[in-house]
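1. build me a model from this:
(chains A and B)
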Amino acid sequence: MSGEMERKRITLSVGPSVFLLVGVLLAGFFLVSSLEKKKKKELTIDNTALITTRIRDLGEMTTACYYDEIVLTGSKKNAFSESTLGSLVRDGFGKDVDDHLAIIAKGTVRAGIDLRKMETESVRFSGDTAILRLPSPEYLDVIVNPSDFEVFAESGRWGQGEVSRLQDKARERLISEADYVGLKRTAYEGAMEAISDLLKACGVSYIRFDHPAFYFPMPGTEALYKR
Amino acid sequence: MMKGRLHTVSVILLLCILTLMQGCSRGGSDKALRQEIESITSMKELGLVEYRVRKIIKADDQGEWYKIGDRKILLSCTAYLKAGVDLSSFSAEDISVDRSEKKITVTLPHARLLSLSIPPSEIRQEFDQVTLLRSEFSAKERNALLRQGERQIRASVPSLGILPKAEENARKFFESTFYGMGFTTVEVVFQ
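-> A predicted model of the protein is given here:
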């Protein structure tokens, strides 16, 4: 009888202690994890010097800019996918066991003309008319910087070389999209407008353009550049 | 009677749905077209100098208190910076011509950084060291480090001397252009 009473007393005294202990442990766990979330900060790089390796004089007139977002995906085999177990998982469960990488790239293509390609005979004056032959438009910059990339999904190990090769495809895709939307033509027309404005401001009355082979002006637009 | 009314209601409903669908699809194509047009922007920028710079990006990840071991990484990248003048707001009022004295004065805005390009093909991982209990640097982590490097490059622009160089080239560029047009005095002012 007294032994049973003793057991009850122990149960009564141990029960709350266990609850308290579990409570304290849980509270500690949540406290640590919330502190961890707050504390988790971006790994910072050291401030290193910039080394200038080349200085180049330019005369580039950028007159049009194309912006686009591109999704880049890459996949490759890994040790597991090439193993017997990997092929079993793939064939048996239809599960993709390869490594995958998906990147969203935001890029910019800047187009215009390189004025340094203008030669002495590119500008002629006939009375009060300036006759200009502008260089063909070109893509002056194709920009896809680290801040333009977002790694959306990543499985497996991807070396910097593999990532860079995939990211470099963004440049090719941007160029083909810029070709598709006719960025060079827009840039050329922008350059004609900019140069016309400049020359008119300097007192040139009439401006005429000898267009490069690629440019066939739309009927009537020629008059835009004549006054 | 009831069946006929139901039929009429269903035809009206179908017409409503079709009209709505047509409206939605037209709205969608308009939006797509507008986005495509907005993806091309016009500008008037005169790039006058390009600096090619190299930067080493180094990070030492000691980890949190519960992580054992550390990770180190060294990346290198090349950046191309172009500076020049933005002629978007340039107008006839910024040029004053004195025909009798063959003198021209051009007022230009101060030079600024026009573009910064870090080609992916010129980013290299030179070194990394990861202890046994730590995970390798992921593509996402490396990109985050490179983004910081890009920010540091942008922040270094004032100390690089690229902007004074661009203004010097702008002066040379406009002087040679206007001397070629027959002016004898060319004044380039930055404002």
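2. now do the domain split for chain A, please.
-> The record assigns chain A these domain ranges, following automatic domain parsing: A:1-48, A:60-225.
3. worst mean pLDDT among those domains?
-> Of all these, domain A:1-48 carries the lowest average pLDDT, namely a mean of 71.
4. what ranges do the strands span in chain A?
-> Assigned by DSSP state E, chain A shows strands spanning A:50-76, A:99-114, A:123-126, A:129-132, A:138-143, A:149-155, A:206-209.
5. other SSEs contacting the second one?
-> With contacts defined as 3 or more Cβ pairs under 8 Å, 6 or more residues apart in numbering or on different chains; DSSP states H and E, the secondary structure elements packing on strand A:99-114 are strand A:50-76, strand A:138-143, strand A:149-155, helix A:160-180, helix A:183-201. All C-beta atoms are positioned from the backbone trio N, CA, C, and that covers glycine.
6. okay, those in JSON lines with distance to A:G28 and mean neighbour count next?
-> Converted to JSON lines, these look like this (distance: least, Cβ to Cβ, whole Å; neighbours: other Cβ atoms under 10 Å in any protein chain shown):
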{"stretch": "strand A:50-76", "distance to A:G28": "43", "mean neighbour count": "18"}
{"stretch": "strand A:138-143", "distance to A:G28": "49", "mean neighbour count": "19"}
{"stretch": "strand A:149-155", "distance to A:G28": "33", "mean neighbour count": "16"}
{"stretch": "helix A:160-180", "distance to A:G28": "40", "mean neighbour count": "18"}
{"stretch": "helix A:183-201", "distance to A:G28": "60", "mean neighbour count": "21"}
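7. I'd like the ones you listed as CSV, with distance to B:S42 appended.
-> Putting those into CSV (distance: least, Cβ to Cβ, whole Å) gives the following:
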stretch, distance to B:S42
strand A:50-76, 6
strand A:138-143, 15
strand A:149-155, 27
helix A:160-180, 14
helix A:183-201, 5
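8. okay, strands next: where are they in chain B?
-> Under DSSP E, chain B gives strands at B:40-61, B:71-86, B:95-98, B:103-108, B:112-117, B:123-130, B:185-190.
9. quick one, the second one and strand B:123-130 angle?
-> It stands for strand B:71-86. 160 degrees (axes from the mean of the first three to the mean of the last three Cα atoms, to 10 degrees).
10. give the other helices and strands that strand B:71-86 contacts.
-> Judged by 3+ Cβ pairs under 8 Å, 6+ apart, the packing partners of strand B:71-86 are strand A:50-76, strand B:40-61, strand B:112-117, strand B:123-130, helix B:139-155, helix B:157-160, helix B:162-180.
11. hey, what's the angle from the last one to strand B:112-117? Just curious.
-> Using the same axes, to 10 degrees, the interaxial angle of helix B:162-180 with respect to strand B:112-117 works out to 110 degrees.
12. check which residues of helix B:162-180 are buried.
-> By neighbour count on 16 or more other Cβ atoms under 10 Å in any protein chain shown, the buried set for helix B:162-180 is B:162-163, B:165-167, B:169-171, B:173-175, B:177-178.
13. take these and write them to JSON lines, including distance to chain A.
-> Formatted as JSON lines, those follow (distance: Cβ to the nearest Cβ, whole Å):
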{"residue": "B:I162", "distance to chain A": "8"}
{"residue": "B:L163", "distance to chain A": "13"}
{"residue": "B:K165", "distance to chain A": "7"}
{"residue": "B:A166", "distance to chain A": "9"}
{"residue": "B:E167", "distance to chain A": "13"}
{"residue": "B:N169", "distance to chain A": "6"}
{"residue": "B:A170", "distance to chain A": "10"}
{"residue": "B:R171", "distance to chain A": "12"}
{"residue": "B:F173", "distance to chain A": "6"}
{"residue": "B:F174", "distance to chain A": "10"}
{"residue": "B:E175", "distance to chain A": "13"}
{"residue": "B:T177", "distance to chain A": "9"}
{"residue": "B:F178", "distance to chain A": "7"}
